[in-house]
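1. Here is my input; please provide its structure:
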Amino acid sequence: MLWASGVAQDQPRELKGGGHLLGETAEQFFSEGFVGDMLRACEGRKWKSVTQLYRSVDHASKANAKDICAKEKLAKQLAMSGARLEYKGQGDEETMRTDTFTFDASHLVKIDLVYVTPIANIEGYRPRSYGELFTGLQEAYGPPTASYSEPVLSAYGVRYDAQRARWTGKHDVISIIEHPGEDSRTEIIAESLAEYNRAAQAAKTANPLQ
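-> Got it, this is the predicted structure:
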């Protein structure tokens, strides 16, 4: 989930998800954890290690080690150059979580964690429900700024009431979004306030008469 450390009230919260801290530099991101290990293996031309690391994320992958390294190096180069970039992280197999990180202006501006919640129990996996994840966030950050539900339709036209909650801070926003239905999942997003406002503006449909 998201972890936070205590800071002064007027300072940004330290939000950490998928092993990375919201607001950290691209240079820091690509030098630590799984991605740092991957790039160091690439630099050392340890092709077997590269393949093993990559298959720990994508078990079915048959990608060539040199192609993997080229892709990782390009992602680092783009992120550090200030370009806007979405990067797929390692995730967590046991909790069936996938991670996506968004960079802008050479900083990590958004952490998107998606927890799949299958209908049937699967041995060896510990999926997290919306209720469990919401409770964890509420214990860490108190009552949400907003909490509501809205009707959604599945791909088969089945109607569900999807739950939503948001914690708005002075510098960042945490959101939890339920996606019920056949492919049930829960999404937790931690993003800078500027990134949240950017997405909110982009979601608005332009008036063609203005």
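2. alpha carbons only for contacts and neighbour counts from here, please
-> Noted.
3. so residue 159 bridges to which residues?
-> Here residue 159 sits in beta bridges with residue 153, going by DSSP bridges.
4. Roughly how far does it sit from residue 181?
-> Separation of residue 159 from residue 181 (Cα to Cα, to the nearest Å): 9 Å.
5. neighbour-wise, which of these two wins?
-> residue 181 (21 against 13; other Cα atoms under 10 Å).
6. is it true that that one lies in a strand?
-> No: assignment of residue 181 by DSSP: H, G, I helix; E, B strand; the rest coil gives coil, placing it outside any strand.
7. For it, give me the pLDDT.
-> For residue 181, the model assigns a pLDDT of 86.
8. quick one: contacts for the residue lying closest to it once chain neighbours are set aside?
-> Distances taken as Cα to Cα, 6 or more residues apart in numbering put residue 154 closest to residue 181, at 5.8 Å, once the chain neighbours are dropped. Neighbouring residues of residue 154 by Cα atoms under 8 Å, 6 or more residues apart in numbering: 160, 180, 181, 182.
9. out of these, which are buried?
-> 180, 181 (16 or more other Cα atoms under 10 Å).
10. Rebuild the contacts of residue 154 as TSV, extending it with distance to residue 70.
-> TSV is the format used below for the contacts of residue 154 (distance: Cα to Cα, whole Å):
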residue	distance to residue 70
160	43
180	37
181	38
182	36
